[in-house]
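Asks: Whatever this is, show me its structure:
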Amino acid sequence: MIEHLILKNLLTNEPYTRAVLPFLKAEYFHQVNDKVVFQIVDKYFSEYNRCPTTDIVLIEADKLEGLSEDQYKAITTDADKFNNPETTNTDWLITETEKFCQDKAVYNAIMQSIKIIDGSDKNKTKGAIPDLLSSALAVSFDNHIGHDFLDDSDARYELYHRVEEKLSFDLDMFNTITNGGLSKKTLNVILAGTGVGKSLFMSHCAAHHLMVGKNVLYITMEMAEERIAERIDANLMSVTIDELQTFPKDVYEKKINRVKGKTTGKLIIKEYPTGSAGVNNFRFLINELKLKKNFVADVIYIDYLNICMSSRLKFSANVNSYSYIKAIAEEMRGLAVEFNVPIVTATQTNRTGYTNSDVGLEDTSESFGLPATADMMFALISTEELSDLNQIMVKQLKSRYSDINKNKRFVVGIDRPRMKLYNVEQSAQQDVLDGPVFDQSPTGDRVSSEKFDKTLFEDFN
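Replies: Reported below is the predicted structural model:
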């Protein structure tokens, strides 16, 4: 039996043991005596970093309580067989052990699913079955043990010249600062005050990605599903929300059918009560959509991070906001990596940032651990002057895409009634680059209102 061959080599073949022990589980061995031997080997190896002898296995088994005489005799009989000096091809055995783990994982998942269906398992619902089967099917041995800087140089060169699949924007400056669009496995965060345009930005981008044939998942914890859909309707139909509400049904259906005819993508909007859902809920939703609707998201929007729930920490008086929000950000980025998608979310500015026309990372509310985790973070800034020009300023705060000092600030056009963003002329960008931006403190107001004579500083050049 493969189980006995595995256990024998765990005792006698140290290279094999080091390769497979991290992936083996006691639950894969269905015979009690096999499971006991494995648990003894696993415990001994973790403590002493070497394989136990058969004598050690027998001594440790003799110490165990609840082991019947027949079970101990079975272990003794197996131990005699394990002393057989026959050798087995290690590479072949590692491959067969991987197949063994995969088969047992699937078998265990199916048996547990049956218990859930017939009501024997009171701790899980039927909704847990897809996760059980997915986890079982994902079992594999990862043979990658690191990147060899010298020997793997060819692979590294190919990586440098590989065209990365990106999710592009319809806003030129965002494509510029991200080198072509959002990368997979990234967490991208919008920082802005209340009412500045976080949800508008995400609704606009979600609408664009839908129209280029992508599957979009929009998770909202602030507004109702219908309100988000209303914003995307206004964006795609290029009408104001007020006009949208006056459409006769036949006109609305005609416009929706026109949208359907232009895209092969899907947009799913899911609402959760504020503060009641976290990454575990989102993971379940993603798996349910795949199972029931054959929907696999290309990008996920979460509106917004601060009102999500951590799946690791329970918020209480003993947990500060820094740790809690950082935990949510880490879990969210982990979700992006797990499902190989970019995630776009948002966070609020603190009170200082709300009145600041040059928002910085220090204006992030609740936790500075959020920008430490994000792959890209940018601020949306609105002032009376920008509003008069139907523009909103974007300031890069952190980026793993490119140098944030290039195009650190730029503007995009904004049509708030139609929930749309658009490109502006290059001259508008030049005005941003040429003009200094000051905060709205008394000092900032004073300095920005003064006119300096540049000739006074010529001697310092």
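
Asks: Residue 386 sits in which helix or strand?
Replies: Element membership of residue 386 [criterion: DSSP states H and E] is helix 384-388.

Asks: Could you list the paired strands of the helix or strand just after that helix along with their orientation?
Replies: Per DSSP H and E, the first helix or strand lying C-terminal to helix 384-388 is strand 391-399. The partner list of strand 391-399 in its sheet, established with DSSP bridges, is strand 376-381 (antiparallel), strand 409-415 (antiparallel).

Asks: highest average neighbour count across those strands?
Replies: Mean neighbours per residue, mean count of other C-beta atoms under 10 Å, is largest over the strands paired with strand 391-399 for strand 376-381, with a mean of 24. (Glycine included, C-beta is placed from N, CA and C.)

Asks: Off-centre distance for that strand?
Replies: Centre-to-centre, strand 376-381 and its host chain are 19 Å apart (C-alpha atoms, centre = their mean, to the nearest Å).

Asks: Format the CA atom coordinates belonging to it as CSV.
Replies: The C-alpha coordinates for strand 376-381 follow below in CSV (Å, rounded to 0.1, in the frame of the first residue of the first chain):
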residue,chain,number,x,y,z
MET,A,376,-1.2,52.3,-5.3
MET,A,377,-2.8,55.1,-3.3
PHE,A,378,-3.9,58.4,-4.7
ALA,A,379,-6.0,61.3,-3.4
LEU,A,380,-8.9,63.0,-5.1
ILE,A,381,-9.0,66.7,-4.3
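
Asks: mean confidence score for that strand?
Replies: The average pLDDT within strand 376-381 is 93.

Asks: cool, stretch 298-316 as well?
Replies: 87.

Asks: Sketch out the low-pLDDT regions of this protein for me.
Replies: For the chain, the stretches flagged by pLDDT under 70 are 84-86, 143-145, 316-317, 353-355, 431-461.

Asks: Only the buried residues of the lengthiest helix in it, if you could.
Replies: Ranked by residue count and defined by DSSP state H, the top helix of the chain is helix 90-118. Neighbour-count burial for helix 90-118, counted by 16 or more other C-beta atoms under 10 Å, picks out 93-94, 97-98, 100-102, 104-105, 108-109, 112-113, 116.

Asks: what's the next secondary structure element after that helix?
Replies: Using DSSP H and E, the next helix or strand after helix 90-118 towards the C-terminus is helix 129-137.

Asks: elements contacting the helix or strand hosting residue 200?
Replies: Of the helices and strands defined by DSSP H and E, residue 200 is found in helix 198-211. Counting by 3 or more C-beta pairs under 8 Å, 6 or more residues apart in numbering; DSSP states H and E, the packing neighbours recorded for helix 198-211 are strand 187-192, strand 216-220, helix 225-237, strand 267-271, strand 299-303, strand 343-348, strand 420-422.

Asks: burial measure for residue 17, as a count.
Replies: A total of 19 residues lie near residue 17 under the criterion other C-beta atoms under 10 Å.

Asks: what comes into contact with the helix or strand where it lies?
Replies: Assigned by DSSP H and E, residue 17 falls within helix 14-20. Residues outside helix 14-20 that contact it (C-beta atoms under 8 Å, 6 or more residues apart in numbering) are 6, 9-10, 41, 45, 50-51, 90, 93-94, 97-98, 141.

Asks: With stretch 170-186 instead?
Replies: In contact with stretch 170-186 (C-beta under 8 Å, 6+ apart) are residues 164-169, 188, 208, 299, 333, 336-337, 340-344, 375-376, 378, 394, 396, 399-402, 404, 406-407, 410, 412, 421-423, 429.

Asks: one more time with 6 Å
Replies: For stretch 170-186, contacts defined as C-beta atoms under 6 Å, 6 or more residues apart in numbering pick out 166-169, 208, 336-337, 340-342, 375, 401-402, 407, 410, 412, 423.

Asks: Also stretch 384-403?
Replies: 178-179, 197, 361, 371, 375-382, 404, 408-411, 413-414.

Asks: From residue 171, how far off is residue 179?
Replies: From residue 179 across to residue 171, the span is 14 Å (C-beta to C-beta, to the nearest Å).

Asks: and the helices and strands packed on helix 198-211 as TSV, adding distance to residue 248 and mean neighbour count?
Replies: Shown next, in TSV, are those (distance: least, C-beta to C-beta, whole Å; neighbours: other C-beta atoms under 10 Å):
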stretch	distance to residue 248	mean neighbour count
strand 187-192	36	26
strand 216-220	27	25
helix 225-237	14	19
strand 267-271	24	19
strand 299-303	30	25
strand 343-348	35	24
strand 420-422	23	20
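
Asks: of all these, which lies closest to residue 63?
Replies: For residue 63, the closest of these is strand 187-192, at 48.7 Å, according to C-beta to C-beta.

Asks: Of the helices and strands packed on helix 198-211, which is nearest residue 120?
Replies: The closest of the helices and strands packed on helix 198-211 to residue 120 is strand 267-271. By C-beta to C-beta, the value is 31.2 Å.

Asks: who has more neighbours, residue 179 and residue 171?
Replies: For residue 179 versus residue 171, neighbours defined as other C-beta under 10 Å are more numerous around residue 171 (21 against 12).

Asks: how close does the more buried one sit to residue 424?
Replies: From residue 171 over to residue 424 (counting by C-beta to C-beta), the distance is 10 Å.

Asks: in what helix or strand does the most centrally placed residue in the chain lie?
Replies: What sits nearest the mean C-alpha location of the chain, by C-alpha atoms, centre = their mean, is residue 336, with 2.1 Å. Per DSSP H and E: residue 336 is located in helix 321-339.

Asks: Give me the contact list for that helix.
Replies: Outside helix 321-339, the residues touching it (C-beta under 6 Å, 6+ apart) are 185, 187, 279, 305, 308, 310-313, 315, 343, 366-367, 369-370, 373.

Asks: For those residues, work out which two are farthest apart.
Replies: The largest separation in the contacts of helix 321-339, counting by C-beta to C-beta, is between 185 and 315 at 27.1 Å.

Asks: Before I go, just wanted to say thanks for your time.
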